[in-house]
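>>> What follows is a predicted protein model with its sequence.
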Amino acid sequence: MRIWDRSIATQFIGLMLLALLLSQAISFLISMDERGNAVREAYKGEFLSRAEAVARLLETTPPSIESDITRANDTLNTRYWVTAEGPAADPAVWREAAWQRLTRPLSTSTTDSALYIAKALKNDFEHNNTGAKGTTSPWMQLSAEEWHYPRPAKFIRLDNYYGVGLAVQLNRGAWLNTAFAKPAMGGFWTSQSVLTLIVTALTLSAIMIFAARGITRPMRRMAVAAEALGRGEATAPLPETGPEDIRNTAQAFNRMQERLQRFVADRTRMLAAIGHDLRTPITSLRLRAEFVTDPEVREKMLATIDEMQKMTEATLTFAREESAAEETRSIDLSALVQALSDDLADIGHDVTFTNGIKIPYRCRVEALKRAIRNIIEDAVRYGGRARVALSRQADSIEIIIEDDGPGIPPGLVEQVFVPFFRLEDSRSRETGGVGLGLSIARSIVRNHGGDIRLVNGAPGLRAIITLPVIDTSNRLQAAA
């Protein structure tokens, strides 16, 4: 099943080969009867023609040489003999006598072919006597179209294959007996039919591989483009070529990509416009707060206005960074995390990094660096220190950041990612932020196709940044 589900080409070839075998089997079942009847009729016509010729020859020659004539006309598959009396009323007696003569090799022929035919006919005779395929054919009269000799003849079937017998009375009263049999054929699956089937299967498989590649190549392009789009990369429109179904699918994907990009751009512009427009009323409120005579009220108003201004500035910064189209490129992710950890350690933060294995990764470097920095700074701010590690899984890369802080209540693990949400009571009150750090970090990581999870430790909090492993072979195949 794993091989079957691996690709469309495999399924196409498998179904095609199954269809070929079924068609060959059905064709064999349909034609088997017709072919057998045609061969039997051909053998019968030739047999009757030769028997007539031998009968004419015996009637025009002296009886003293009839044994020489019959022996001279015997072949590997045919026997002739003359009897004084006609065949017995019971056809089984004559049939057994005929088989006994057919299964004895000719005295003048001891070649391998002659011995093989004699042995094969003997096996057929023994098989017939078991009753598995025995025939109960009686003596039959031949029509004028089949038997052209003026004297009537008796005809009989020796088996269910090609064996036949004939008895005709000569002009002097004696009877000419003749029997013909060929060994049973080996069936439909001969070496020639198997070779023909193999050549046909290989030819059709090559054609199906070529056809499947033409179908799957656009699908691979679309899969790579969809993966890149899900990671926030700018992708070129898919070529709208090929059959109508493929062309319509590529057009639908290109329209979807255009609409998504337009939607994100419109949302970002709207967010930036709102943040920009808030600056004017905030400045007006600050000026008016300066004229408040009560010092305590004035300080509270100014503190609230400062908080509003920080939130607005953070929103504008977030909108500007979202709207910036950063190029995606390949880096050493381990080197990026280690350099970021070292920079934070150099400015006095308690940050350590382990597991510096080299992991190539395609990403928007500045955006991903900001997301990791936000998580590490939160770990230092709320947990006192940050232990950073990197691990490679089967289908993902994990950046693990641990601290020694109080953790987060289980019911609020997801809520902390909501913009402008600050967990003052269970974390430190010395926040210095507006509650956008985790939101920005998760947005950036999700734009790369990953996610961020928070898990409470004992003590401390563990932040796990999961990034998907990118299959670069798909990109190469799609480009081929």
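That came in fine, so what should we check first? Numbers count the residues shown, from 1 in each chain.
>>> what's the closest non-adjacent residue to Pro237?
Leaving aside its chain neighbours, Pro237 sits nearest to Asn254 (4.5 Å; criterion: C-beta to C-beta, 6 or more residues apart in numbering). (Each C-beta comes from the backbone N, C-alpha and C, glycine too.)
>>> The one you found is in contact with Ala236, isn't it?
No: at 9.6 Å, Asn254 does not count as touching Ala236 under the criterion of C-beta atoms under 8 Å.
>>> higher neighbour count, the two?
Neighbour tally, Asn254 and Ala236, criterion other C-beta atoms under 10 Å: the higher count belongs to Asn254, 17 against 9.
>>> and whichever strand or helix holds that one, how far from the chain's centre?
In this structure, Asn254 sits in helix 244-290 according to DSSP states H and E. Relative to its chain's centre, helix 244-290 lies at 42 Å (C-alpha atoms, centre = their mean, to the nearest Å).
>>> same question for that helix, mean pLDDT?
Mean pLDDT, helix 244-290: 82.
>>> What are the buried residues along stretch 450-465?
Gly450, Ile452, Leu454, Gly460, Leu461, Arg462, Ala463, Ile464, Ile465 (16 or more other C-beta atoms under 10 Å).
>>> I'd like to know which of those are part of strands.
Of those, the ones assigned to strands by DSSP state E are Ile452, Leu454, Leu461, Arg462, Ala463, Ile464, Ile465.
>>> quick one: contacts for the residue nearest to Pro237?
Residues in contact with Asn254, defined by C-beta atoms under 8 Å, 6 or more residues apart in numbering, are Pro237, Leu238, Glu240.
>>> okay, the residues you listed in TSV with pLDDT and neighbour count next?
TSV is the format used below for those (pLDDT from 0 to 100; neighbours: other C-beta atoms under 10 Å):
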residue	pLDDT	neighbour count
Pro237	87	13
Leu238	86	22
Glu240	85	14
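>>> closest to Leu48 among these?
Closest to Leu48 out of those is Glu240 (71.7 Å), distances taken as C-beta to C-beta.
>>> Now for the closest one: which residues touch it?
For Glu240, the contact set (C-beta under 8 Å, 6+ apart) comprises Arg247, Ala250, Gln251, Asn254.
>>> Kindly recompute the last result at 7 Å.
Listed by C-beta atoms under 7 Å, 6 or more residues apart in numbering, the contact set of Glu240 reads Arg247, Ala250, Gln251.
>>> For it, which non-adjacent residue is spatially closest?
Ranked by C-beta to C-beta, 6+ apart and with sequence neighbours excluded, the top spatial neighbour of Glu240 is Ala250, at 4.8 Å.
>>> so the one you found touches Ala236, yeah?
No: using C-beta atoms under 7 Å, Ala250 makes no contact with Ala236, being 11.9 Å away.
>>> What's the separation between the residue nearest to Glu240 and Thr268?
27 Å (C-beta to C-beta, to the nearest Å).
>>> and those two? which has more neighbours close in?
Higher neighbour count among Ala250 and Thr268: Ala250, with 20 against 17, using other C-beta under 10 Å.
>>> of the contacts of Asn254, closest to Asp395?
Nearest member of these to Asp395, counting by C-beta to C-beta, is Leu238, at 25.3 Å.
>>> which ones are touching that closest one?
Counting by C-beta under 7 Å, 6+ apart, Leu238 touches Arg221, Met222, Ala225, Ala250, Phe253, Asn254.
>>> roughly how far is stretch 66-73 from the heart of the chain?
68 Å.
>>> And for stretch 143-158?
Averaging C-alpha positions (C-alpha atoms, centre = their mean) puts stretch 143-158 62 Å from its chain's average.
>>> can you check stretch 209-226 too?
Distance of stretch 209-226 from its chain centroid, counting by C-alpha atoms, centre = their mean, is 13 Å.
>>> Let me know the average pLDDT across that stretch.
80.
>>> quick one: buried residues of that stretch?
Neighbour counts over stretch 209-226 (16+ other C-beta under 10 Å) mark Ala212, Thr216, Arg217, Pro218, Arg220, Arg221, Met222, Val224, Ala225 as buried.
>>> One more: stretch 41-53?
Residues of stretch 41-53 classed as buried by neighbour count (16+ other C-beta under 10 Å): Tyr43, Lys44, Phe47, Leu48, Arg50, Ala51, Glu52.
>>> closest to Glu326 among those residues?
Lowest distance from Glu326 to the buried residues of stretch 41-53 (C-beta to C-beta) belongs to Tyr43, with 84.9 Å.
>>> By residue count, what's the longest helix in this protein?
Criterion DSSP state H: the longest helix present in the chain is helix 8-59.
>>> how about Ala236, secondary structure?
At Ala236 the chain is in coil, as set by DSSP: H, G, I helix; E, B strand; the rest coil.
>>> Then Ile331?
Here Ile331 is strand, with the state taken from three-state DSSP.
>>> What's the local residue count around it?
Neighbour count of Ile331, defined by other C-beta under 10 Å: 15.
>>> Report the contact partners of it.
Ile331 makes contact with Tyr361, Cys363, Val365, according to C-beta under 7 Å, 6+ apart.
>>> What separation do you get for it and Arg364?
Here Ile331 is placed at a distance of 10 Å from Arg364 (C-beta to C-beta).
>>> for the stretch 301-450 of the chain, what spans make up the helices?
Counting by DSSP state H, counting those that start in this stretch, the stretch 301-450 of the chain has helices at residues 333-346, 365-383, 437-447.
>>> what's the farthest-apart pair in the ones in strands among the buried residues of stretch 450-465?
Within these, Leu461 and Ile465 form the most distant pair, 13.4 Å apart (C-beta to C-beta).
>>> that older thread, and whichever helix or strand comes after the longest helix of the chain, what's buried?
Next helix or strand after helix 8-59 toward the C-terminus (DSSP H and E): helix 66-73. Residues Glu66, Thr70, Asn73 are the ones in helix 66-73 that count as buried (16+ other C-beta under 10 Å).
>>> Save those residues as TSV, and put in pLDDT and distance to Met301 too.
Converted to TSV, those look like this (pLDDT from 0 to 100; distance: C-beta to C-beta, whole Å):
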residue	pLDDT	distance to Met301
Glu66	89	141
Thr70	91	135
Asn73	91	132
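>>> Closest one to Ser439 out of those, please.
Nearest to Ser439 among these, with distances taken as C-beta to C-beta, is Asn73, at 105.2 Å.
>>> give the contact list for that closest one.
Taking C-beta under 7 Å, 6+ apart, we find Asn73 in contact with Val54, Tyr80.
>>> Using the three-state scheme, assign Ile156.
Put simply, Ile156 is strand when judged by three-state DSSP.
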